[in-house]
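# Any chance you could fold what I've pasted below:
(chains A, B, C, D, E and F)
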6 protein chains.
Amino acid sequence: MSEFSHISEQNEVSMVDVSEKQPTKRQAIARVKVILPEEIAKRLREDGFRTPKGPIFEIARIAGIMAAKKTGELIPLCHPIGLDHADVKMTLEKNEVIIICSSSVFAKTGIEMEAMTGASIAALTIYDMCKALSHDIRITDLELLMKTGGKSDYRKEAS
Amino acid sequence: MSEFSHISEQNEVSMVDVSEKQPTKRQAIARVKVILPEEIAKRLREDGFRTPKGPIFEIARIAGIMAAKKTGELIPLCHPIGLDHADVKMTLEKNEVIIICSSSVFAKTGIEMEAMTGASIAALTIYDMCKALSHDIRITDLELLMKTGGKSDYRKEAS
Amino acid sequence: MSEFSHISEQNEVSMVDVSEKQPTKRQAIARVKVILPEEIAKRLREDGFRTPKGPIFEIARIAGIMAAKKTGELIPLCHPIGLDHADVKMTLEKNEVIIICSSSVFAKTGIEMEAMTGASIAALTIYDMCKALSHDIRITDLELLMKTGGKSDYRKEAS
Amino acid sequence: MSEFSHISEQNEVSMVDVSEKQPTKRQAIARVKVILPEEIAKRLREDGFRTPKGPIFEIARIAGIMAAKKTGELIPLCHPIGLDHADVKMTLEKNEVIIICSSSVFAKTGIEMEAMTGASIAALTIYDMCKALSHDIRITDLELLMKTGGKSDYRKEAS
Amino acid sequence: MSEFSHISEQNEVSMVDVSEKQPTKRQAIARVKVILPEEIAKRLREDGFRTPKGPIFEIARIAGIMAAKKTGELIPLCHPIGLDHADVKMTLEKNEVIIICSSSVFAKTGIEMEAMTGASIAALTIYDMCKALSHDIRITDLELLMKTGGKSDYRKEAS
Amino acid sequence: MSEFSHISEQNEVSMVDVSEKQPTKRQAIARVKVILPEEIAKRLREDGFRTPKGPIFEIARIAGIMAAKKTGELIPLCHPIGLDHADVKMTLEKNEVIIICSSSVFAKTGIEMEAMTGASIAALTIYDMCKALSHDIRITDLELLMKTGGKSDYRKEAS
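Numbering: from 1, shown residues only, chains lettered A, B, ... in the order given. Predicted coordinates for the structure are as follows:
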């Protein structure tokens, strides 16, 4: 293996072999932001979509959870693993929707990509539902906040 | 319909009815950036992955094209449409991978979400293939650059 | 062809050949009922899930719309067609959730199965979200209410 | 958690966290009926489709098994689990097709929805293959008959 | 474009742009053979699976038709197109199962890969159902027999 | 059970019940050949696509790995299992592309069909990318080379 997992020394791609690994409990949290024009953010608030029950956030949450389940189908070299848990939380801070996707599994590999994928598709769903008002929407700062249970833990440093 | 497409006046969600619309040729281009740590960007260059034939970029390109085809399955209220064309281009500028996804279709609705989804999954695939080296990777500034063929054209202003 | 479409005179199955048909605007509406135990219906009301914004109904609506898009993948001999429109409406009457799924398309075949499938999966989603309280839930009376645009129109007689 | 699983106290949806549960052998059986017009039932018998090898029943059986495998993809908050077994049995009694779907798995959660989904899609497939003869077909009385292996067993009382 | 479609002069892959093409009626037929050990072929005959109603052939036929619908999802650079028709025919000649998959569509591109994919998955399904008896099974000679409706017609020469 | 797994004594199909089996480490290797016209093989070499980094082989490799993950969705009675590893290797020998797909999993059943499916879709992908030059391409001799970890091991005899 070269230093890039998935690429062998012959420069050929493959799914990393995890057959000799022991399964462990794995958790990951990813975050992404959707930057809305002032006007859309304002209407989201006025129309009452700021609450956790608002349809836009609800639909985006479900889209994110469903996409987390599809990670192994979307990312070519991801292993197909199950999911013990997934959720997507959202808050509207000024004109930014902050999306946090958490996921966990008991498996030999994973769980970062599931959290990252869930967050991404939740963000795209918000975009889809607001784009009739404006296309000046930016999806930004998708990052892994935390990961435990693999070879080494990871925690993003506060910036 | 409220001002948010997909949400009726009764606050119920639905797929927007496009049955009375005429199909037109539609095109869209989306862009996203993957910010890598210096070290990973350096190795990408040294290992020869800077060329269009390098496996990481190749795999991400294919993942993006395949995801663009799955847009209607991932985004809950997107219409399932075909695709006449999709491509994903990438360049490594300093420590940033710039990803451009273009797509077009002859249909009654669409094509922004296909370009946005293709760009997102291409970026996530790069993340997946570099994450063994570092998790300090950020996917950022996903935006629509251009869209033609719908009710009104859109072109992102230079920033 | 025998009288059962999809079955040839040699008793072999196939997807019906629609290549010589002209596309038309097609619409269909299906209805299904979910019979809940009194107790669950009562809590649904008390917890405020009776409104269109309530999470259970919202999630079931989205599941139904997404499933309608997957009809061609689920029903072996259905043609893969697009969808111009799909929605799912729900009301709680006493202890019955009445689900109405409407769909339309401009195509050579279809649209009943899309409406029927959307209604079914919406009902199953309600089941899934209530089953922790009781398994005494019955999904019943799934029927096509109306269909227009094909060889002959259909309208279910009032019973 | 509120009393509805999947809904947190903040009224937010999520996939129930099963990470601390131990896997057990789980089994479930669901039943649904397809009520056909006399005429279709008669032809099904005359044309020899009453046997287990008849194409209509065969196709519906396969559709049901394949759909049971897709449950986690169709029902938004279902966990993606494997399947150790699934089958679909059918009998034609007078003008009713009785469909029984059984499924089992060794997992931390599940298996009711797999049996319910398999039964539903098998019924819809029969509808699809008979609808050229008549749309007066009703899919009804979808219920869980039995479930073992979870927190508590369930067995539907004879009605 | 280089002479390989899908590969640009910069050696980058993309889905071929068909936006300027006119849709035409397109048809294709593919054939593949499954070579069985004498013993399995004999049992297939004795057990009565030689008829069109036999379960093994029936299941393989359905698998092939369903796979033809998924071609755009499986072959990375195939366009997602609909299908106007698909069928799979099988005959057992001595110890060879001959599988013929036909498909047609009215579209701007396609239909060879749909026929080829349907034939392949039908063959794999036969393999799957016979492999408990022996693994000495060979799937061979998958070829396109005919194609009409595109830039140029094709008809395989008799060999 | 009749001697054909998947077929019960009543001639009904079902997914084989593996609930009482213990999981084991399972590995399988399948091989398939793509016979190209001299001219295409020559251009593949000249254009530099003979190396492991060449786009055609790269895309086919990824398509094969992604398809191996979808096996349970494509083959009607295959169990949905995970994958611990999958890779696809290719060499161009004269005018034949030799494709070897290996896969492994720790599970109660499987892994032949995953290797066979991965090899098939990789071959179809090569076909798709070369077919603009010629349709005289044959995909042939798909066989299982090796399988370990199940009830009995298998190793294809040298021919």
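
# and the lowest-mean-pLDDT helix or strand in chain A, does that touch chain B?
Ranking every helix and strand in chain A by mean pLDDT, DSSP states H and E puts helix A:38-46 at the bottom, with a mean of 87. Yes - shown here: helix A:38-46 in contact with chain B (CB under 8 Å from any CB of the partner chain) through A:Arg43. For the C-beta atoms, the positions are set from N, CA and C on the backbone; glycine is no exception.

# List the buried residues in stretch A:147-159.
The neighbour-count check on stretch A:147-159 (16 or more other CB atoms under 10 Å in any protein chain shown) flags A:Lys147, A:Thr148, A:Gly149, A:Gly150, A:Tyr154, A:Lys156 as buried.

# Go ahead and confirm the second one touches A:Arg26.
Yes - counting by CB atoms under 8 Å, A:Arg26 is a contact partner of A:Thr148 at 6.9 Å.

# Could you report the neighbour count for the closest residue to A:Lys21 other than its chain neighbours?
Once flanking residues are discounted, A:Lys21 sits nearest to A:Lys108: 4.1 Å by CB to CB, 6 or more residues apart in numbering or on different chains. Using other CB atoms under 10 Å in any protein chain shown, A:Lys108 has 19 other residues around it.

# in chain A, which spans are strands?
Applying DSSP state E to chain A gives strands spanning A:24-35, A:85-93, A:96-107, A:138-148, A:154-155.

# for those strands, which one sits closest to chain F?
strand A:96-107 (8.0 Å; CB to the nearest CB).

# strands paired with that closest one, and their directions?
Partner strands and pairing direction for strand A:96-107 (DSSP bridges) are strand A:24-35 (antiparallel), strand A:85-93 (antiparallel).

# quick one: buried residues of it?
In terms of neighbour count (16+ other CB under 10 Å), strand A:96-107 has its buried residues at A:Glu96, A:Val97, A:Ile99, A:Ile100, A:Cys101, A:Ser102, A:Ser103, A:Ser104, A:Val105, A:Phe106, A:Ala107.

# Who are the contact partners of A:Asp84?
For A:Asp84, the contacting residues are A:Ser104, A:Val105, A:Phe106, D:Asp17, D:Val18, D:Ser19, D:His79, D:Lys108, by CB atoms under 8 Å, 6 or more residues apart in numbering or on different chains.

# right, I mislabeled it, should have said A:Ser102
Counting by CB under 8 Å, 6+ apart, A:Ser102 touches A:Gln27, A:Ala28, A:Ile29, A:His85, A:Ala86, A:Asp87, A:Val88, A:Lys89, A:Ala115.

# How about the lengthiest helix in chain A and chain C, touching?
Longest helix in chain A, counting residues (DSSP state H): helix A:112-130. No - legend: contact between helix A:112-130 and chain C by CB under 8 Å from any CB is lacking; minimum distance shown is 10.0 Å.

# tell me what that helix is packed against?
Where contact means 3 or more CB pairs under 8 Å, 6 or more residues apart in numbering or on different chains; DSSP states H and E, helix A:112-130 is packed against strand A:24-35, helix A:55-69, helix A:71-74, strand A:85-93, strand A:96-107, strand A:138-148, helix B:112-130, strand B:138-148.

# Any chance of CSV for the ones you listed, columns mean pLDDT and distance to F:Ala41?
Formatted as CSV, the helices and strands packed on helix A:112-130 follow (pLDDT from 0 to 100; distance: least, CB to CB, whole Å):
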stretch, mean pLDDT, distance to F:Ala41
strand A:24-35, 98, 46
helix A:55-69, 93, 41
helix A:71-74, 98, 33
strand A:85-93, 93, 47
strand A:96-107, 97, 42
strand A:138-148, 98, 43
helix B:112-130, 97, 30
strand B:138-148, 98, 40
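
# So which of those is the most surrounded?
The highest average neighbour count among the helices and strands packed on helix A:112-130, using mean count of other CB atoms under 10 Å in any protein chain shown, belongs to helix B:112-130 at a mean of 29.

# Can you find the residue of chain A that comes nearest to chain F?
Closest point on chain A to chain F, by CB to the nearest CB, is A:Ser14, at 3.4 Å.
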